[in-house]
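1. next come a sequence and a model predicted from it.
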Amino acid sequence: SLSVSLSVSLCVFLSLCVSHSLPLSLPLFSEWRQEFDALRQDPAELQAAVDAAVATFEDEQARTKAAALAKATTDDGWTVVTAKRKDEPAKPKKKKKKKELTNFYRFQRIEARKEQIAQLRRKFDEDKLRMAAMVQSRKFRPY
């Protein structure tokens, strides 16, 4: 946060100097630059610190995995089977589509039932005509 405030104050200073056509005060600018550079860590040191933190984290993960495996094995040498869901990262949940409410009102249910019955009757009549045609052509042998 200190480096952010320094950089903000530097930007304000530069914008004021430019907007009022003032010459840049080099000693003040160099002081801010030195403070800013002092707050920043050397990239090599930073990389070494990050590598050490990652190595520590990976070692801890390996130890917990080994402890879980040892815990899963009984004294007799049998392995206790556990759910794998605990070790796997959580999968992102799929968004549910909003269901359209069909037949929400009573009259809609009644109309839907009437349409279904009418459709069944239509199919039954078509099947009767088709069976009559098959009987006429003597290709219908039910047994």
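-> Happy to help now that I have it.
2. pLDDT-wise, which helix or strand of the chain ranks last?
-> For the chain, counting by mean pLDDT, DSSP states H and E, helix 2-19 ranks last in confidence among helices and strands (a mean of 60).
3. next one: the helix or strand following it to chain centre, how far?
-> Tracing the chain C-terminally past helix 2-19 and defining elements by DSSP states H and E, one meets helix 26-39 next. Put simply, helix 26-39 sits 43 Å off its chain's centre (Cα atoms, centre = their mean, to the nearest Å).
4. report the buried residues of helix 26-39.
-> If you call a residue buried by 16 or more other Cβ atoms under 10 Å, then helix 26-39 has these buried ones: residue 32. All C-beta atoms are positioned from the backbone trio N, CA, C, and that covers glycine.
5. what packs against it?
-> Helix 26-39 makes packing contacts with helix 2-19 when contacts are defined by 3 or more Cβ pairs under 8 Å, 6 or more residues apart in numbering; DSSP states H and E.
6. how near is the residue nearest to the spatial centre of the chain to residue 98?
-> A centroid search over the chain (Cα atoms, centre = their mean) returns residue 92, at 3.7 Å, as the residue closest to the centre. Computed as Cβ to Cβ, to the nearest Å, the residue 92 to residue 98 distance reads 19 Å.
7. residue 132 too?
-> Distance, residue 132 to residue 98, using Cβ to Cβ: 48 Å.
8. so for these two, which sits in the more crowded spot?
-> Higher neighbour count among residue 132 and residue 98: residue 132, with 11 against 6, using other Cβ atoms under 10 Å.
9. SS state for the more buried one?
-> helix (DSSP: H, G, I helix; E, B strand; the rest coil).
10. what about it, distance to residue 126?
-> Distance from residue 132 to residue 126, counting by Cβ to Cβ: 11 Å.
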